[in-house]
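Enquirer: pasting the structure only:
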């Protein structure tokens, strides 16, 4: 099923094949580790129940038929699903490897391969590469709904709302009305039409077809989108209600992270840890755990063992960011989370501001502008505050949280 939302990462898209070394997350040490021999095991990837056997089968089929479109798509999707669930970009790198038989991408590349390539690229934040590939795919097959939806998401993440609207409207022509309405509603909410966006989303939620238990994940996605629009409007109680409704069984990793961010913004760290305990320890998840535990420690609400565990988590996260910074061209990909780490863990407003400024060159979701505003305010930098306001005006974003942070400063 195609999914959209403020999440630019629920949908997929891929980039031109890049080396796996650029995708490997830190192993906990800032200094690169060089194996003593080709047989040395550097790290064992986590085993995922019921997945390894299927993965081995797909690998065997790919060896025998490397350009079998169906096998390649199944394998790439399997790796990408695992990358999302585990928060581990290595699996997205493997998905890219599966598609390398079609390098370089060209007009004659199967359309489904192009869209999958663009989907993985989106996950890896290669938005330019993903957009190029999607436009190539859609030029030949303008009836590809997932292609239009992924393109709309990428354009939204970059702050190009009018272009995103055009991609959303292509879904109307293809009779993908639920996704078209949600897509346009999210863009409307970002622009400040909070009432219109909420009414459109509520209309979808009230649809009898979405009351079916099998549509629970779709309802959760719509509720999370609704909660985010309430946040943009500054309607905290309504956002709280929508997030609580979205946090039922099966909530996606994106839903959980969005709710965790909301709770931290409202200074409710005790509610964050139970929410994240079952999530894979991606950088984004570990960051929010570290922020929550530090706030609880400041309130004297952690035992000594908990404080020690929190310190180890903070050291692990610092090592991950240090290691990521060593990989060429990788700093910008992690700049949002790194900025939050600098701001909320290390208390380094100047570093946070530099990272936040770097981040908005790549992506301009509300959280990116909010982090930029918070860092500018913490650094006491009026010029940076003006930058935030000008960027908000340029892309047309309206966000009550950013307004509250910037206040009436020059």
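Expert: Received the coordinates, thanks. Small disclaimer: the values here were computed from a predicted structure and weren't measured.
Enquirer: Do a quick rundown of the helices in the stretch 251-400 of the chain.
Expert: Listed from the start of the chain, the stretch 251-400 of the chain has helices (DSSP state H, counting those that start in this stretch) covering 253-265, 272-276, 283-298, 304-326, 335-344, 349-359, 366-379, 382-395, 400-406.
Enquirer: average pLDDT for the fifth one?
Expert: When you say that, I think you mean helix 335-344. Helix 335-344 shows a mean pLDDT of 96 in the predicted model.
Enquirer: So which elements touch that helix?
Expert: helix 283-298, helix 304-326, helix 349-359, helix 366-379 (3 or more C-beta pairs under 8 Å, 6 or more residues apart in numbering; DSSP states H and E). For glycine as for every other residue, the C-beta is placed from the backbone atoms N, C-alpha and C.
Enquirer: circling back to that earlier point, where among the helices of the stretch 251-400 of the chain is average confidence lowest?
Expert: Set side by side, the helices of the stretch 251-400 of the chain show their lowest mean pLDDT on helix 304-326, which sits at a mean of 92.
Enquirer: tilt between that helix and helix 349-359?
Expert: Orientation note: helix 304-326 sits at an angle of 50 degrees relative to helix 349-359 (axes from the mean of the first three to the mean of the last three C-alpha atoms, to 10 degrees).
Enquirer: So which elements touch helix 304-326?
Expert: Using 3+ C-beta pairs under 8 Å, 6+ apart as the contact criterion, the secondary-structure elements in contact with helix 304-326 are helix 283-298, helix 335-344.
Enquirer: what angle separates the helix or strand harbouring residue 226 from helix 253-265?
Expert: Element membership of residue 226 [criterion: DSSP states H and E] is helix 216-233. Relative orientation of helix 216-233 with respect to helix 253-265: 30 degrees, computed using the same axes, to 10 degrees.
Enquirer: Figure out how far the helix or strand just after helix 216-233 is from the centre of its chain.
Expert: Heading C-terminal from helix 216-233, the first helix or strand you meet, by DSSP H and E, is helix 236-246. Using C-alpha atoms, centre = their mean, to the nearest Å, the mean C-alpha position of helix 236-246 is found 20 Å from that of the whole chain.
Enquirer: again, but for stretch 140-150
Expert: Computed by C-alpha atoms, centre = their mean, the separation of stretch 140-150 from the middle of its chain amounts to 21 Å.
Enquirer: Show me which positions of that stretch end up buried.
Expert: Neighbour-count burial for stretch 140-150 flags 144-150 (criterion: 16 or more other C-beta atoms under 10 Å).
Enquirer: if we can go back for a sec, and the helices and strands packed on helix 335-344: which comes nearest residue 394?
Expert: Proximity to residue 394 (C-beta to C-beta) singles out helix 366-379 among the helices and strands packed on helix 335-344, at 10.8 Å.
Enquirer: tell me what that closest one is packed against?
Expert: Applying 3+ C-beta pairs under 8 Å, 6+ apart, we find helix 366-379 packed against helix 216-233, helix 335-344, helix 349-359, helix 382-395, helix 400-406.
Enquirer: repeat that with 10 Å
Expert: Other helices and strands packing on helix 366-379, by 3 or more C-beta pairs under 10 Å, 6 or more residues apart in numbering; DSSP states H and E, are helix 216-233, helix 253-265, helix 335-344, helix 349-359, helix 382-395, helix 400-406.
Enquirer: ok, back up a step: could I get the helices of the stretch 251-400 of the chain as CSV with distance to residue 176 and mean neighbour count?
Expert: Output for the helices of the stretch 251-400 of the chain, formatted as CSV (distance: least, C-beta to C-beta, whole Å; neighbours: other C-beta atoms under 10 Å):
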stretch, distance to residue 176, mean neighbour count
helix 253-265, 21, 22
helix 272-276, 32, 18
helix 283-298, 29, 20
helix 304-326, 37, 16
helix 335-344, 30, 24
helix 349-359, 32, 21
helix 366-379, 25, 23
helix 382-395, 26, 16
helix 400-406, 31, 17
